[in-house]
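> quick one, what's the 3D model for this:
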Amino acid sequence: MSFAVPNVARLELLPPVVTGAYHPRRPQDTLLHRIVREHFQTFLAHTSRIYTRPLPRYVVQEFEKYVACGDLSRGFTRCVCARCGLERAVPYSCKTRGLCPSCAGRRMADSAARLVDSVLPDLPLRQWVLSLPHDLRLLAAMRADVLRDIVRIFVRTVFRCMRRRLRLPGAPGGAVAATHRGGGALNCNPHLHVLAADGLFVRRPAGDVGFHRAPPPSPADLRWVVQTVRRRVLRRLRKMGLLRDERLVGEGSNQTPDPSALEACGALALRAGEFESHDGATAEPDDMPSGRRSNRWSAQDGGFNVHAGVRVPAGDHLGRERLCKYITRPPFAMDRFSELPDGRIAYQVRHPLAPGKTHRVMTPLELLARLAALVPPPRFPLLRYFGVFAAHSPWRRFVVPKPPDASATCRHAQGEQAPPRPPAPGTSAPPASFDPLLVVPAPLPGALSPEHWRRLDDGLLLARQPRVDWATLLRRTWAEDVLCCPRCRGRMALIEVVSDESEIRRNLAARGLPYEPVSFAPPRDLDQPSHAEPRRRVGRGPPSTDPPDGADRCSVDESGDPPWQDDCQLPPDDDAAEAPPDAEI
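Below is the predicted model of the structure:
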């Protein structure tokens, strides 16, 4: 089967960049992959036996696709060097959204490239973060319609806040909202990261679109935002019949008499769990968070918390792409997993909760339950566009950046004002009634900045499509040209996709590789004690399971959510939640 890649010709023009030997990933050698292979069937049989409603099909498929990700026995693409004949096999990826660290990392880099190249103009951006109260987290995680409404309410409230500050009723804003389902300690913590243009878009007297910068939000503005969000969310839940009285969601209002297997996994992921300490250097007591710490850029009301202290100025294209990667990052990091001598799994939290609480320790089945709760439901977008950045907005074509070789932007660069384009059929032009009342706002940068364009190798690494091809994305992210032959520095090309089983066997045999499809281990009876030998510890983590002297194992999180960092830094995740005592699944 022949395979044509439209970007190969463009990539062949790139000079070879070899910063190090490229080695294809081997997910089968990782600790997480082995845990899923050995324990998922047991976990699936256990949940099917206990709960009348088993795990949804999309959760099971997420685990199945992750095990098959990167397996040459499931198919691959052949890359051949035209000069020396060196051949390389690139396995398929699973393209899952919540479990595979490699595919989630690719999605992060791909989304960030798309945002900075084709969506976000070179304007100041501010990150708004919304955390939900503990009693509302399971409901938001299990009900996609509830989480969707919360996203809309939060973004619209942010727009209303900027309109109040600028006194521009009806002026549109622009924002990109990223939904996260977990915190920094494998806990179920749905929260929102909204990257909004720090101002509003208006019509200038010349007829084009301008940008009016908003002043930084004051503490009173943040209190108004969090109170408005809380009031509107509770009103929406009451209208949906999810509130029993005037109290915040709780007292079993988001619980069902017969929970499903996925709801049980979410309830377990809400709990604090067991924490132990690393035997190395630990944080001093003064460095430990002592509950929520209010500061200039955060406000809370009834368990809702809003933070708006991260801002990227205009012209900082590296900081803008870094912030886009931050809001679209994977739910966990592979290098934080480690295996203890007794078979339990330790996960290093991002921010130690207290002395002796640097690693979350759990059994393999508890780890799988927490991972199952982090899998997003199908057809639920993890990235949403609002305001002028929305796909059907009549403002979008006036706002999004364009390559500097576009004719309109070239005239603008030479000092000639490009005439405004008429609105698309069936749409109306942006309103201009409020513009004469204010100082004329700054014009929008029509093209990508010269610095950003040079960083993209004069556009050869530009994210022109919603999904950047594999070789271009690796070169853009790691400065590694994977299509440069390591033997002769020639160019490699993708020539064939191998998906037939007989062809896979023949090609693997010609390379001296075995045909061994990765499969799950059969389920075992949990009632029978396991007599397996303890495994060697893999990865970094606590080499011992005993807590330090004077420290007890933690089953309840006393400190709650960690505080946000300073203004110039990105806010950390919620590493643990205020939770009731542990329960087994």
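> could you give the bridge partners of Val306?
Leu130, Ala299 (DSSP bridges).
> got a pLDDT number for it?
Predicted confidence (pLDDT) for Val306: 96.
> can you pull the contacts of it?
Trp128, Val129, Leu130, Ser131, Leu222, Val225, Val226, Val229, Ser298, Ala299, Gln300 (CB atoms under 8 Å, 6 or more residues apart in numbering). To be clear about C-beta, it is placed using only N, CA and C from the backbone, and glycine gets the same treatment.
> change it to 10 Å
For Val306, the contact set (CB atoms under 10 Å, 6 or more residues apart in numbering) comprises 128-131, 154, 157-158, 161, 192, 194, 217, 221-230, 297-300.
> I'd like to know which of those are buried.
By neighbour count, with 16 or more other CB atoms under 10 Å, the contacts of Val306 hold 128-131, 154, 157-158, 161, 192, 194, 217, 221-222, 224-230, 297-300 as buried.
> in helices, which of these fall?
154, 157-158, 161, 221-222, 224-230 (DSSP state H).
> and of the residues you listed, the nearest to Pro450?
Val158 (31.2 Å; CB to CB).
> isn't the closest one right up against Ala308?
Yes: contact criterion CB atoms under 10 Å: Val158 and Ala308 qualify, at 8.4 Å.
> give me the common contacts of these two.
In contact with both Val158 and Ala308: Arg126, Trp128, Leu130, Val194, Ala196, Pro217, Asp221, Val225, using CB under 10 Å, 6+ apart.
> could you point out which of those is nearest to Ala185?
Leu130 (19.0 Å).
> look up how far Thr179 lies from the closest one.
10 Å (CB to CB, to the nearest Å).
> overlap of the contact sets of those two?
In contact with both Leu130 and Thr179: Ile150, Val151, Pro190, His191, Leu192, His193, Val194, using CB under 10 Å, 6+ apart.
> contacts only, for the third one.
Put plainly, it is Pro190. 130-132, 136-142, 146-147, 150, 179-183, 266, 374.
> ok, the fourth one next?
In this structure, His191 makes contact with 129-132, 137, 140, 150, 178-183, 305, 307, 571, 573-574, judged by CB under 10 Å, 6+ apart.
> which is the next helix or strand following the lowest-mean-pLDDT helix or strand in the chain?
The weakest-scoring helix or strand in the chain, judged by mean pLDDT, DSSP states H and E, is helix 8-12 (a mean of 32). Once helix 8-12 ends, the next helix or strand along the chain (criterion: DSSP states H and E) is helix 31-50.
> and Asn507, how many neighbours does it have?
19 (other CB atoms under 10 Å).
> ugh, wrong one, I meant Glu516
11.
> cool, and Phe520?
16.
> so it, which of the three states?
coil (DSSP: H, G, I helix; E, B strand; the rest coil).
> so who does Val229 touch?
Taking CB under 10 Å, 6+ apart as the test, what Val229 contacts is 130, 132, 150, 153-154, 156-158, 301-302, 304-306.
> let's see 8 Å
Leu130, Ile153, Phe154, Thr157, Phe304, Val306.
> ok, Leu474 next?
So Leu474 contacts Glu480, Val482 (CB under 8 Å, 6+ apart).
> next, give phi and psi for it.
phi -70, psi -40 (degrees, to the nearest 10).
> okay, it: pLDDT?
Looking at Leu474, the pLDDT reads 84.
> and Gly174, by the same measure?
95.
> equivalent analysis for the one 5 residues further on, please.
Per-residue confidence for Thr179 comes out at a pLDDT of 95.
> quick one: the strands in the stretch 301-450 of the chain?
304-312, 337-339, 345-348, 359-362, 383-387, 442-443 (DSSP state E, counting those that start in this stretch).
> report all helices and strands that the second one contacts.
Where contact means 3 or more CB pairs under 8 Å, 6 or more residues apart in numbering; DSSP states H and E, strand 337-339 is packed against helix 31-50, strand 345-348.
> closest to Ala509 out of the ones you listed?
helix 31-50 (24.2 Å).
> what residues does the very next helix or strand once past that closest one touch?
The helix or strand immediately downstream of helix 31-50 is helix 57-68, counting by DSSP H and E. Here helix 57-68 makes contact (CB under 8 Å, 6+ apart) with 33, 36-37, 40, 44, 74, 92, 94-100, 262, 368, 372, 375, 377-378, 517-520.
> for ChimeraX, what selects the buried ones among the residues you listed?
This is the ChimeraX syntax for the buried subset of the contacts of helix 57-68, where burial follows 16+ other CB under 10 Å:
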select :33,36,37,40,44,74,92,94,96,97,98,99,100,262,368,372,375,377,518,520
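> distance of Met162 from Ala471?
Met162 is 41 Å from Ala471, by CB to CB.
> helices of the stretch 401-550 of the chain, residue ranges please.
407-413, 450-455, 470-478, 501-510 (DSSP state H, counting those that start in this stretch).
> return the alpha-carbon coordinates of the third one using PDB.
Meaning helix 470-478. Only the C-alpha atoms of helix 470-478 are listed here, as PDB (Å, rounded to 0.1, in the frame of the first residue of the first chain):
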ATOM      1  CA  TRP A 470       4.700  14.000  12.900                       C
ATOM      2  CA  ALA A 471       8.100  15.100  11.600                       C
ATOM      3  CA  THR A 472       7.400  18.800  11.600                       C
ATOM      4  CA  LEU A 473       6.000  18.700  15.100                       C
ATOM      5  CA  LEU A 474       9.100  16.900  16.400                       C
ATOM      6  CA  ARG A 475      11.400  19.300  14.800                       C
ATOM      7  CA  ARG A 476       9.500  22.300  16.100                       C
ATOM      8  CA  THR A 477       9.300  20.900  19.600                       C
ATOM      9  CA  TRP A 478      12.700  19.200  20.100                       C
END
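> now do the buried residues in that helix.
Neighbour-count burial for helix 470-478 [16+ other CB under 10 Å]: Trp470, Ala471, Thr472, Leu473, Leu474, Arg475, Arg476, Thr477.
> what residue ranges in the stretch 401-550 of the chain score low on pLDDT?
Residue ranges of the stretch 401-550 of the chain with pLDDT under 70: 405-441, 443, 446, 527-550.
> same question, the stretch 251-400 of the chain
Across the stretch 251-400 of the chain (using pLDDT under 70), the flagged ranges come out as 251-257, 278-294.
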